[in-house]
Structure formats: C-alpha cells, structure tokens
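Enquirer: What shape does this take:
(one chain, ligands or ions: 1)
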Amino acid sequence: MSINKLVIVGFGLIGASLAAGLRRAHYCREIIAIARSENTLEKALELGLADRAFHALSDIAQELDDGDVICISVPTLSTKAVLEDVASQVSDKVVVTDCASVKGSVRDAARDVFGEIPKQLVLGHPIAGSEQSGVTAANPDLYQQHRVILTPVESTAAESVECIKCMWQAVGAEVLTMSVEEHDEVLAATSHLPHVIAYSLVDTLAHDSENENIFRYAAGGFKDFTRIASSDPTMWHDIMLSNKDSVLSALSLFENNLKQLRIAIENEDSDYLLGVFTRSKAARDHFVSRLGKKALMKHQSNDVTYVVQPGGRVSGELRVPGDKSISHRSIMLGSIADGITEVSGFLEGEDALATLQAFRDMGVVIEGPNDGNVKVHGVGLHGLQAPPGPLYLGNSGTSMRLLAGLLAGQSFDVVLTGDESLSKRPMTRVSNPLSQMGANISTADKGCPPITITGGAKLKAIDYSLPMASAQVKSSVLLAGLYADGETSVTEPAVTRDHTERMLRGFGYDVITEGDTMRLVGGGTLKGTAIEVPADISSATFFMVAAAISPGSEVILKHVGINPTRIGVINILRLMGADIGFLNKTEVGGEPVADLRVRYAPLIGIDIPKELVPLAIDEFPAIFVAAACAQGVTRLTGAEELRVKESDRIQVMADGLQALGVKATATPDGMVIEGSEITGGEVDSHGDHRIAMSFTVAALRSSGPITIKDCANVATSFPDFSSLATKAGISIEEITS
Ligand code: S3P
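Expert: Next up, the predicted model:
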C-alpha cells in the first residue's frame, strides 16, 4: 500500500523526518508541508522534503480525497485546532493520524470536535526523537528500528489502521497497538518522568549561584543524565499538561523513593544504598541487553532458530556453565543466612538470574554476577522484605516451587508469576503440603501459577510423604520447615537430588537424612559461607551424548558435579555401552566433582531401569537422541513426570524424532525408540531449552541439516551453548529474528 498525497501538518523534526524517510522509500506520490513559519516552508522545499508548502490546511483541504493521508505533527496542545480544520474542511475518505506523545488528551479533543472519534482517525505516537529540533534536523533514519504505538479506538476502521501502520513500516519502524490508557501510563513512567527529572536537575544546578562552575566541571554523568533536557520546551510543556494525572502519579512514586534515599544517606545506611544501587544496576543492564536500541521499555523476547549441519565429531576440553540447581539454592540460602555468602561458578543463565532478581526485589543486596562471582549480603531468616510487585520467575519451575516454600512463612504477601510455559505447570504439588503446614497459599485455575501467598501465617511442622519423586517439592517443604514450629520431615518414594540438604548443612543447619526421609527443626540460623558451584552435569550431558554417538570423538568435560543423585545419565549411557570415565575426582563445598572423559563407542538399546529415572530426569531428551543412535530398542517407563516439565518432553521429543525419520513411539509414561537412521528436517523445541540442545547434538549423526525452532530459552540454563558447541566441532548457526 502507498500514499497518493501526504499532508504533514507541522514540519518540525518529527514531521520532516517522516517526510525524509518516506521520500527515500518512494512511498508517496506527493508530500505537502503545512507550517506557520515561512522559513520552515522554504527549508522544506529547499531540502526536497516537500513538493508543495502552505501556511494552512485550508489552502489544500479541498483537493484531498481517497488515498490521501494527513499526518498531524504539531505540539500536543495545538492538535485540537488542526482537528477542527480537518472536521470542517476535509473529506472523511482521507485517513488522518497524529504524532502527539499523549493520546488521552488528543482522543478527548477529537471527541469534542467530531462528536465521536471518526473511523478515519488513527491516533499514533512514534517513540523517537532527538534533542535537535526543526526541519533542518530532519533524519530519514529517525524511525528505523524504533517503535510506533497506534491507539485505535472501537470506532476506528481497520483499513485506516492498516494504512498508517504501513506508512510507519515504510520508514523502518516497528508498529504496535495498545489502548490509549495503557499508552499514557507507560509513557508517563518511561519517558515523561525522566524528562521532568532531567529538566529539574539542570534548572536546579544552573540557577544555584554556589554552583556557577557546574558546567565547567560537569563530568560524563551529568552530561549523559541531562541530554534530554535539551529537548523542545514547548513540546514538553504540552506533554506534562496533557498527561497530568499519569505524570503526577509516576512523580509521586519517584519523590517517595528519593525521600528514602535521602534518609539513607543522612543515616549512612549502607545496606539501603547498596540495595537500591545494585537493584537499579541489574534492572538497567537487563533493559540495555534486552532492548538493544529499542525505545520502549517492554520485554520482547527474540525468536531464535538453530540450523545445524549434519555429521562431524566432537573433541577438546570443555567447561560447561555452573549447575542450575545449586546456583538457585546458593542465592536462596545465602539470602536468608546471617552474614555474607560468596558464590563462584554461578550460572549466569536466565533461570538462576530470575531467582537472584527475586531476592533483590525482596531487599537483599546481591553484588554481581561478575564472571560467575556473586556476593550475597544475607538478611537472616526473617530479614526479607515485601517485594514492590509480583515476583516474575520467567521459565523457572525450581524458582517458583522452592520460593513458594521459602516464602510461605514470611510476614508479607507475595505473588509468584512466570512465562507462558511456567504458567501451565502444576503447582498444587507444593501448595498442598504448604497449606497443610498452615500457609495461606493458593494457585490460579487448574492448580497453575500465579501462586498467591498471604503473609503472617504461623507454620507448623508436618511429616510429608511425597506423592511423586520430586526434589523441588521436597526442597519446598524443607524450606518452609525452616520457618515452622517443630520438626518437619519429608519421605520420598525414590531418591531425588539432594542439593538442598547438602547446602543447608554447608550453611551450618542440621538436616538429618535417614533412608528415604529427611528431617529438620525450624527456627535455627544459617551462617553465610563460600560456595563453589560445579559445572552442571545436565549441561555436560549434551556433550557426553555428542561424543558417545559420533565416531572419532573424545571430549574432556571439566569439573562436572557428580553428586550420586545426579549421575543417572552416566549410568544409563554406560548401560548402553558408552565409554565414560571419571578423572581428577575431588569434592567442593560438599559436592563431589570430576572431569569426565567421554569417547565414542557403539551404543545398544536397553530397558532403562526405573530406579534411575528420577536421577536422570532432566537428561532424557538427550538420552532419547542416544537411543535413536543405538542399535536395537530402548524402552523408558515410569517417567510420566516428563510430561510436566518445561514442555511435555515425551510428546515433543517423539514428534521431533519422528520428523527426523526415527521410529519413536510415545507412551503415557515414557517412550519406545528403535535405533534408526536420522534424516535431516525441521523440529520444534516448543521453547524447551533441553530439547533444543538435544536435537542440536542429533545432527552429528543425521544425513541432512536439522533446523530447530524456538530456541531462545537455551539461555535459561546454557547461555553460551552455541559457541561451546561450535568450539567442540558442531556446525551450528544461530538465527535471531
Ligand atoms: C530440580 C528438580 C527437578 C528437575 C529440575 C530442577 C531442582 O525437578 O527436573 O530441573 O533443582 O530441584 P523435579 O523435582 O520437579 O523433578
């Protein structure tokens, strides 16, 4: 779609840059500039940004018809006068849009003028700008990779919205739609408030006579912080008045925060200051890395696809990132300990970072992570504070279930939320025992997140028999037990990972393990300690399987945690004939570690022993790939838990294997896989990190390339997977869109 005549009313930076971008894209047959200033009109013609130029819309209004567009880019409070001209002089076949930074006031003005919002009027706001203003600052790239928000109302015609959307896309913008109210609130917080503060700061300093030298000595921070105070004063005057209510509420929040900071400085309250500064730094770093150059602070995750070339082998010494389960627990226990906990080898993946952010939100000062080093300033068992809003835990089931237990006995209310996958996972497995302990805890529909906990409950100890083999549920109940009166015990139906028990002991807390039962008495204290996180055996698994299935391979995987409750995968692969050896066995912080040497050896199909299932629960996607490369049939039973992981790992893996020509049959509690030739093809990981990495490894034995969709979540557990895989010898290309 393109535009016949585009009339731009107001030819400042915003309007003139739109003209420049559309001109370059040859998107309009004619561009007509309307501005009051003679100088602006002359410049618009001289710079070739407009074909014709007029002082008033009335000079051209009669000419306009179907296929023409008017874009109003005057200061917000002047928009109404232009709308009056439009209403009285322009055909309703002409699509009209605006660029004002506040949408509520323009919508109300349009209602006053037209009676109701006409179908051809599309309210919009390009989120782009510059401290320069005027037609001479016109920049055809101003909107490239910036966002434009359209706020259509019920009466707006879909084709009018489409017309304006295409216009902005033609200048490289990403167009999204939201309600007028949401737009004004979001912009008040992310744009209008920072401008008020920047103007106020410069004004304060510039007019303080004692600070007359300020500009001479102004350092980088001042310059960076105040850049936006050079923006167009009229425009910002109008914005503040038009979005008064939302700006005032954002300002109140800020004033309150500033007041607290003032008190903290007065009282030399280092904890408070460090807390605010580390939380802000983490949030700012997160925004910067997430958003790149995008202008609006809203999280949008990228689509990542892996394309893996067939064949090859793996070799070399590799160190995979830190153990996810232990990383989570180091932050949780470090936060509720007395004193400082120094963690090294921490996994800087999204799941563990979600836990870290949650504790920052509850007032814990956490420095880092820097290169895997984290320093947690523990606040003691009762030192956590109410978070400012729901705790968002991303994709991480471990964060949600363990936090549910740890927070069940706090004095404050809390809501735990997560992403689309986590929001479908069962949570009654923790809410049931926690309710029995006296917690006020509830889940949403069907027992799924969000989890809501009302604070102030007095917890009582229980003896709990786990209905399923789950380390997360065991840990959740034990963590709640720290806050309960008396001795809490948990009995598990099969051995599950015991990192919680080991780490509690490392923090000086007594936990007794007797057979299949764990016990602890509430009300003790944890003492800050040092924690060295070993490399994650679950991440190492992908390279173990890679070496086991590709002839000529040999890898050494350094410093991998080989806790007996986690080595199910090694035992299963060995039963299949894999050549895996332990070198340099040692122990760090209560966890056994070793270097693993894995060499290629032909694999055979087996019936996987049931007792090994919980000990290899996260490794089955990769084990299924090994089974596809083995001679004969591999059968897994007793693994129904796989259906409620980050995805339904039985179904998603069966579908993917079948797409690659493998004879795989899903059963209710496992899978039957016949060793077969793996063809190339396309598989969907359904956003499951471990499935994405497993199919990557499968390409070593496939006859054609494998394309794996929806791989962004690999970052939850293994942020540098594709570079390490490349280093090892896998030919993987990561495509981000
Ligand atoms: C984990 C326990 C396991 C595992 C998960 C991490 C933990 O879940 O699948 O990735 O850190 O306690 P379940 O306990 O639900 O089996």
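Enquirer: And the next helix or strand past the least confident helix or strand in the chain by mean pLDDT?
Expert: Taking mean pLDDT, DSSP states H and E as the measure, the chain has helix 214-217 as its least confident helix or strand, at a mean of 66. Downstream of helix 214-217, the next assigned helix or strand under DSSP states H and E is helix 220-226.
Enquirer: Can you name the residues in contact with that following helix?
Expert: 198, 201, 202, 205, 214 (Cβ atoms under 8 Å, 6 or more residues apart in numbering). (Glycine included, C-beta is placed from N, CA and C.)
Enquirer: can you check stretch 596-604 too?
Expert: 313, 540, 543-544, 547-557, 560, 562, 570, 573, 576-583, 626-627, 629-632, 675.
Enquirer: quick one: terminal-to-terminal distance for that stretch?
Expert: 21 Å (Cα to Cα, to the nearest Å).
Enquirer: Quick check: buried residues in it?
Expert: 596, 597, 598, 600, 601, 603 (16 or more other Cβ atoms under 10 Å).
Enquirer: just stretch 261-278 next, same as before
Expert: 264, 272, 275, 276, 278.
Enquirer: Can you get me the start-to-end distance on it?
Expert: 14 Å.
Enquirer: where along the stretch 101-250 of the chain do the helices fall?
Expert: Using DSSP state H, counting those that start in this stretch, the helices of the stretch 101-250 of the chain run over 104-114, 158-170, 180-187, 193-206, 214-217, 220-226, 233-242, 244-266.
Enquirer: Which single residue in the stretch 101-250 of the chain comes nearest to the ligand?
Expert: residue 176 (34.1 Å; Cβ to the nearest ligand atom).
Enquirer: Who are the contact partners of that residue?
Expert: Applying Cβ under 8 Å, 6+ apart, the residues contacting residue 176 are 147, 148, 149, 150.
Enquirer: thought the third one was touching residue 125?
Expert: Yes - the pair residue 149 / residue 125 is scored as a contact, 5.0 Å apart, by Cβ atoms under 8 Å.
Enquirer: shared neighbours of the two, which are they?
Expert: Joint contacts of residue 149 and residue 125 (Cβ under 8 Å, 6+ apart) are residue 183.
Enquirer: Serialize the helices of the stretch 101-250 of the chain to CSV and add fields for distance to residue 22.
Expert: Listed next are the helices of the stretch 101-250 of the chain as CSV, based on distance: least, Cβ to Cβ, whole Å:
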stretch, distance to residue 22
helix 104-114, 22
helix 158-170, 6
helix 180-187, 24
helix 193-206, 28
helix 214-217, 39
helix 220-226, 32
helix 233-242, 22
helix 244-266, 31
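Enquirer: Which of those has the lowest mean pLDDT?
Expert: Mean pLDDT per stretch puts helix 214-217 lowest among the helices of the stretch 101-250 of the chain, at a mean of 66.
Enquirer: hmm, back to that, can you list the helices of the stretch 101-250 of the chain in JSON lines and add distance to the ligand?
Expert: Putting the helices of the stretch 101-250 of the chain into JSON lines (distance: least, Cβ to the nearest ligand atom, whole Å) gives the following:
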{"stretch": "helix 104-114", "distance to the ligand": "46"}
{"stretch": "helix 158-170", "distance to the ligand": "41"}
{"stretch": "helix 180-187", "distance to the ligand": "35"}
{"stretch": "helix 193-206", "distance to the ligand": "39"}
{"stretch": "helix 214-217", "distance to the ligand": "52"}
{"stretch": "helix 220-226", "distance to the ligand": "41"}
{"stretch": "helix 233-242", "distance to the ligand": "47"}
{"stretch": "helix 244-266", "distance to the ligand": "35"}
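Enquirer: Quick check: the gap between the closest residue to the ligand within the stretch 151-300 of the chain and residue 367.
Expert: Closest approach between the stretch 151-300 of the chain and the ligand, counting by Cβ to the nearest ligand atom: residue 282, at 22.5 Å. According to Cβ to Cβ, to the nearest Å, residue 282 stands 10 Å off from residue 367.
Enquirer: Please apply the same query to residue 683.
Expert: 41 Å.
Enquirer: next one: residue 375
Expert: 4 Å.
Enquirer: hmm, who's touching the helix or strand residue 351 falls within?
Expert: Element membership for residue 351 (DSSP H and E) is helix 350-361. The contact list for helix 350-361 (Cβ under 8 Å, 6+ apart) reads 275, 278-279, 282, 286, 322, 324, 327-328, 331-332, 335, 346, 366, 369, 374, 376, 384, 387-389, 391-396, 398-399, 403, 713, 715-717, 719.
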